[in-house]
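> Take a look and give me a structure for this.
(one chain, ligands or ions: 4)
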Amino acid sequence: QAKREQKFIYFYSAGLDEQHLRKLTILELLQTAVEKDELTVLLQPKIDCATGRIQGAEALLRWHNQQLGFVGPDEFIPLAEQSGLIKSLTRWVCEQSVKVLEQLQPLPKDFTLSVNLSAVDLLSNEVISLIEELEQQYPQLSQHLVLEVTESVLVEDPETAIERLNWFRNRGYGVSIDDYGTGYSSLAQMRQLPVTELKIDRAFVQLLATSPVDQSIVRSTIQLAHELSLSVVAEGVEDEQSWNWLKQQHCDVLQGFYFSKPIPFEQFNQKLQGESDA
Ligand code: C2E
Ligand code: CA
Ligand code: CA
Ligand code: CA
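Numbers count the residues shown, from 1 in each chain. Ligands and ions are numbered 1, 2, ... in the order given. A predicted model of the protein is given here:
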């Protein structure tokens with residue numbers, strides 16, 4: 001009996017060592033990812049729910065390293081957040097986003113590009129100088145950029161988070177609550193946040209067509225958001241029935257594989273220009 005337990009512990013800790021080693025490797029290699037040109041931004045179309053036309057995009061980071069191959073953002077972003085490295089990644093994504101806005105010609109007047117901000121970014125003051133710098137380069141930035149933050153910003157330091165979000169709102173930026181429904185914040189807390197958009201997590205959207213429980217959750221979330229004058233985005237729309245259902249509920253914007261996966265700039269630009277010709 002004792003021997004078997006020992007063996008279990010041995011394998012268990014060997015597994016942990018391997019995981020630990022991978023984390024350390026990722027953190028080391030990620031430090032030079034920007035200078036070695038290993039990062040790309042993909043764009044996932046945001047679709048106007050009523051018309052099915054492209055209304056904007058979300059910028060999503062991709063990393064390919066020679067030694068590790070493709071590493072998903074779900075794996076490297078949390079590590080970058082813990083180490084503070086996220087601030088330089090966010091800077092890079094925002095710089096690329098300005099280039100995207102400059103290169104999409106003609107840019108529709110109401111086109112919005114969403115970027116993800118980590119709690120670390122929002123709570124540091126570097127994000128302020130970053131945005132001010134980018135506004136020098138692209139003065140209409142606040143008209144086109146939306147910042148996505150998660151409810152986790154409320155957990156760490158609500159006062160600073162609200163102050164920062166107000167700074168963005170006062171300059172005209174859109175602010176979106178990402179992954180809505182997966183966090184632990186109460187409705188009362190949410191109401192304190194100066195936001196313009198609520199993005200329903202794909203966990204509630206993916207099975208909408210066949211799940212009455214998810215339908216109830218999404219229906220009441222849309223109603224509530226509209227009562228608070230927030231725009232509603234449903235992410236993870238994977239079939240036409242879900243789109244039809246969301247249209248009936250007056251959802252505003254959709255994102256999901258049914259419309260498009262995240263794609264490179266050139267491909268996105270073609271899609272967008274193709275629509276304006278039609
Ligand atoms: P997120 O912000 O919730 O982004 C949406 C994720 O859902 C993306 O995964 C997207 O590819 C995926 N998705 C979109 N539509 C569908 C669908 O119909 N079905 C399914 N199954 N998935 C769909 P991705 O690109 O792997 O990103 C994962 C997460 O990594 C993001 O979740 C975000 O939290 C983080 N992330 C990605 N890029 C950045 C970034 O530049 N900065 C920060 N801070 N986080 C980022
Ligand atoms: Ca997001
Ligand atoms: Ca999300
Ligand atoms: Ca997410």
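
> any idea how far Ser118 is from Val93?
As defined by Cβ to Cβ, to the nearest Å, Ser118 lies at a distance of 11 Å from Val93. All C-beta atoms are positioned from the backbone trio N, CA, C, and that covers glycine.

> Please say which of the two ends up with more neighbours.
Between Ser118 and Val93, Ser118 has the larger neighbour count (other Cβ atoms under 10 Å), namely 21 against 18.

> wait, what's in contact with that one?
Applying Cβ atoms under 8 Å, 6 or more residues apart in numbering, we find Ser118 in contact with Ile77, Glu81, Ile86, Thr90.

> looking at this, the last one is in a strand?
Put plainly, it is Thr90. No - secondary structure assignment (DSSP: H, G, I helix; E, B strand; the rest coil) places Thr90 in helix, not in a strand.

> Where does pLDDT dip in the protein?
1-16, 184-188, 278 (pLDDT under 70).

> Near ligand 2, which residues of it are found?
Asn116, Glu148, Asp178 (Cβ under 5 Å from the ion).

> do you know how far Gln105 is from ligand 1?
24 Å (Cβ to the nearest ligand atom, to the nearest Å).

> Phi and psi next, for that residue.
Torsion angles at Gln105 (phi, psi; degrees, to the nearest 10) stand at phi -130, psi 130.

> now the helices for the stretch 51-200 of the chain?
73-83, 86-103, 119-123, 126-137, 141-144, 152-156, 158-170, 187-192 (DSSP state H, counting those that start in this stretch).

> Including distance to Cys251, could these go into JSON lines?
Shown next, in JSON lines, are the helices of the stretch 51-200 of the chain (distance: least, Cβ to Cβ, whole Å):
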{"stretch": "helix 73-83", "distance to Cys251": "25"}
{"stretch": "helix 86-103", "distance to Cys251": "25"}
{"stretch": "helix 119-123", "distance to Cys251": "26"}
{"stretch": "helix 126-137", "distance to Cys251": "29"}
{"stretch": "helix 141-144", "distance to Cys251": "22"}
{"stretch": "helix 152-156", "distance to Cys251": "24"}
{"stretch": "helix 158-170", "distance to Cys251": "23"}
{"stretch": "helix 187-192", "distance to Cys251": "18"}
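
> Between those helices, which one is closest to Gln241.
Evaluated over the helices of the stretch 51-200 of the chain, closeness to Gln241 peaks at helix 73-83, with 27.4 Å, by Cβ to Cβ.

> ok, back up a step: also within reach of ligand 1: list those from the residues of the chain next to ligand 2.
Asn116, Asp178 (Cβ under 6 Å from any ligand atom).
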